[in-house]
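A.B. asks: Provide a 3D model corresponding to the input given below.
(one chain, ligands or ions: 2)
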Amino acid sequence: MPEIERRTRAMMRDGLSASPPPRLPQIIEQVTNEVDGFSPQAKREFFDIINRVPLAYEKTNAIFATPEKKKPGGGGVFSIFVSDLCKGCAACVTACGEHQALRMVQETEDVNAEHETGTAFLDLLPDTSQKYLGLYNDARPQDSKTATLRNMLMVRRNYDALVSGDGACAGCGEKSILRAIAAVTEAYMRPLFHAKADRLRATADVLDRHGVQRLADLKARSQAEYDLFRQAVAHLLMGLGGEDDKDTRARMAEHGEISDRDIVDALTAVMRQEAFNHKNLQAIDGRLPNGMSVMAMAAHTGCNTVYGSTPPNNPHPYPWMNSLFQDGITVGWLLGESFIVDHARRSVVPERLGDALLHRTEAVITPREYYEFVHFSDNLMTDQEILELPKAWVVGGDGGMGDIGYQNTSKVMLQNRPNVKAVMLDTQVYSNTGGQNSDSTPMLGGNDMNVFGSATQGKMVEKKTVAETFLAGHGSPFVAQVSIANAPKLYRSILDGIEYRGTAFLQCFTTCQPEHGVPDDMALGQAQRVRDSRGAPEFVFNPRLGESYHEALDLKGNPSLDMDWYETKFKSTNESYRYTVAHWCATEARFRNHLKKISAQDAAKLVPLENMLVRITQQDIVYRRCLDPTHRAFVPDFGVFIRIQGANGIEYRSISRQLVLFCVERRKAWRMLQSKAGIENREYKAQRALLAEVDAGKISRDEFFANAEQLLKARMPGASAHKPAEAPPRPAAAPPKPTPATPSIPDGAALA
Ligand code: SF4
Ligand code: SF4
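C.D. replies: Ligands and ions are numbered 1, 2, ... in the order given. Have a look, this model is predicted:
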């Protein structure tokens, strides 16, 4: 075998410069035949396996070429195994694109059998070693560069974190977000759990050897402190706590003698059990025996409930509870409180008592401390003790959290509980019950209860962005609107939200294929389109960065940051245009009533959207001037047009009045966000100045209508002179408390 490996590696290295490079199974087969020494049957079986395993070494620089160059023998092979639960949405093939590592094939029994065998084979392989994870730090993911966070999915415990959810529709965007939540929480929390287990075991070992002596020393120094310490252990660890001091002492008396050895045994037993739970427990058959669940999930009823709990693909491999639409977050809050009480009683208090006995030379315990231990809350925990708390993730849709459950969500956000984190899967519609309108639904009609017809084209109510409502009036939560459009940023936001000592709320746009009318492989593409069009801009609000919006709100990640719209180019002509929400809407069938295909000649008789948008503001909609044919802000129904990229060149669409209003509404929402983040929008300033002149009669209506875009440009501050406000430097995150493997012994303490 060593000879086969040596020769195989040599051929792989040579293969890097060959075109096309030989496939790895061919190399292995050739080398094995050359080396020989195996029976024909052994070779046949070996080749059968090798030919079925997806093995790649070329075009995988981080895995093979770079480590191999650094140290011959250090390179590895890269494999992608497709689960037998694959539903053929093709999202992975679309994302892989021109790399061509993946292709669609017809699903057959043989293909499924190969997938299943492949997955079983994968389970036999060792975990990916840190050397192939690049700059991703598996021991402390929070220290990794954001761009490398996706590498966490090459670590088995992380990609195994969420195995359910396969009851969702093919391509459903929600599942990826849930998997990201579970995987990041696992990646971040598991090393903390293991370090904590090591620390507790080390303390228990020292206590075992020296605890009785330390208690004798304490008794000799202060009988009162000794009695209090003994009572604290009996009360908090041995189950003898009563209604009050008197009752507790009576129960202790009834229990009979409690020796010093009993006290030490109680402390060490709890610590060792807790260490076992955190590091060695195999919570569910089939999962790694690496400790209890790092999180629980509370769900608002919705698609996530159905696809996350319906046989045969259930259940989530962690404690999970569902409640009707409005109550999910309240259940999550209660789960979080339970974790706090449990964590205090089983980990924090025993460890603090043990540490005090071993390391303090005076005031081992005070009456105040005893009182606090009995009434322990998260307020008394250190930052490190908070980080080690299991997390309660609340999951819901825009209906469950933003409409029916909004009051509960608002209540919980205000509490700023350190281990309660919430994610809203924003499909902008009640997906699970047939596509009714939610407050997150855009102004355009098309859904149940928000129909498009002669009486109405949708709703005149602006879109509610739940995440934005938590930027004010809700205390100090961590808030982000992120999506799979920017996976590294999504992972970073989840990490920062977990690490924050307070509630976190993430709003994530996700596709709902049947309700949006988009292809199965478009979860990523549509998330990018809605972000780039200002339909759902990306933002992160991190209160750790300062007490002004300017410092705490970050809009980076959105294109053309200081403009109204993203400036991009048509692929076919390389001509610049601005990507509005109307352009995003043109890609989803749910909005089809709002766009009509027209010819270039017909378009020439209509108003370009660019021109129309200069004439109108959100206040013109609020005061319904957009419906007044005599006003400059009048929007002719299907009298406005856009150009879009078609399969064979530029195409034209006339758009409904309602779609124009939606553009204005989203533009206003984006301008509000920009101003909060301290970004000066040049177009907004120019439009305000221009409209003031028009409304004052300084520019005639005809001239304005004919030249709106040019007049606007003439009033814009020069791009070169303009400098968008810079985000302040991020303060360094407070590092977790170092956790020594063994407790230090104070000078002079007679411990061997
Ligand atoms: S992304 Fe879709 S096609 Fe790709 S493996 Fe997953 S379910 Fe299958
Ligand atoms: S209905 Fe929509 S949100 Fe629900 S599982 Fe299907 S794609 Fe996902």
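A.B. asks: going forward, measure contacts between C-alpha atoms and count neighbours the same way
C.D. replies: Noted.
A.B. asks: Can you pull the residues of this protein lying near ligand 2?
C.D. replies: Within the chain, the positions near ligand 2 by Cα under 6 Å from any ligand atom are Ala168, Cys169, Cys172, Glu174, Cys303, Ser431, Asn432, Cys512, Gln513, Pro514.
A.B. asks: For whichever residue of the chain sits closest to ligand 2, grab the count of nearby residues.
C.D. replies: Using Cα to the nearest ligand atom, the single residue of the chain nearest to ligand 2 is Cys512, 3.5 Å away. By other Cα atoms under 10 Å, 29 other residues sit near Cys512.
A.B. asks: pLDDT value on it, please?
C.D. replies: The predicted structure scores Cys512 at 94 on the pLDDT scale.
A.B. asks: Lys605 too?
C.D. replies: According to the predicted model, the pLDDT of Lys605 comes to 97.
A.B. asks: Next: Pro724.
C.D. replies: On the pLDDT scale, Pro724 is placed at 43.
A.B. asks: right, and the secondary structure at the spatially most central residue of the chain would be what?
C.D. replies: Nearest residue to the geometric centre of the chain (Cα atoms, centre = their mean): Ile494, 4.1 Å. When classified by DSSP: H, G, I helix; E, B strand; the rest coil, Ile494 comes out as helix.
A.B. asks: Contacts only, for it.
C.D. replies: Ile181, Val184, Thr185, Leu506 (Cα atoms under 8 Å, 6 or more residues apart in numbering).
A.B. asks: Contacting ligand 1 as well, which ones from those residues?
C.D. replies: Near ligand 1, by the rule Cα under 6 Å from any ligand atom, you find none of the contacts of Ile494.
A.B. asks: Mind checking which of those are in strands?
C.D. replies: Cross-referencing the contacts of Ile494 with the strands (criterion: DSSP state E) gives Leu506 as the overlap.
A.B. asks: now, which of the contacts of Ile494 sits nearest Thr409?
C.D. replies: Leu506 (12.1 Å; Cα to Cα).
A.B. asks: just to revisit the earlier point, the residue of the chain closest to ligand 2 contacts Lys175, correct?
C.D. replies: No: Cys512 is beyond contact range of Lys175, at 10.5 Å (criterion: Cα atoms under 8 Å).
A.B. asks: Helix or strand next in line after the helix or strand harbouring Lys196, which one?
C.D. replies: Of the helices and strands defined by DSSP states H and E, Lys196 is found in helix 173-221. Going down the chain from helix 173-221, the next helix or strand is helix 223-236, by DSSP H and E.
A.B. asks: ranges for the strands of this structure?
C.D. replies: Under the criterion DSSP E, strands of the chain are mapped to 295-300, 320-323, 391-397, 420-426, 478-481, 504-509, 539-541, 553-554, 566-569, 576-579, 595-598, 607-608, 640-646, 649-655.
A.B. asks: Could you dump those strands into TSV and include distance to Ser675 and mean neighbour count?
C.D. replies: Formatted as TSV, the strands of the chain follow (distance: least, Cα to Cα, whole Å; neighbours: other Cα atoms under 10 Å):
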stretch	distance to Ser675	mean neighbour count
strand 295-300	33	26
strand 320-323	38	20
strand 391-397	28	29
strand 420-426	24	29
strand 478-481	17	28
strand 504-509	20	28
strand 539-541	13	25
strand 553-554	10	24
strand 566-569	17	16
strand 576-579	21	16
strand 595-598	31	16
strand 607-608	27	18
strand 640-646	28	20
strand 649-655	29	19
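A.B. asks: which stretch in the ones you listed is the model least sure about?
C.D. replies: The stretch with the lowest mean pLDDT among the strands of the chain is strand 320-323, which comes in at a mean of 89.
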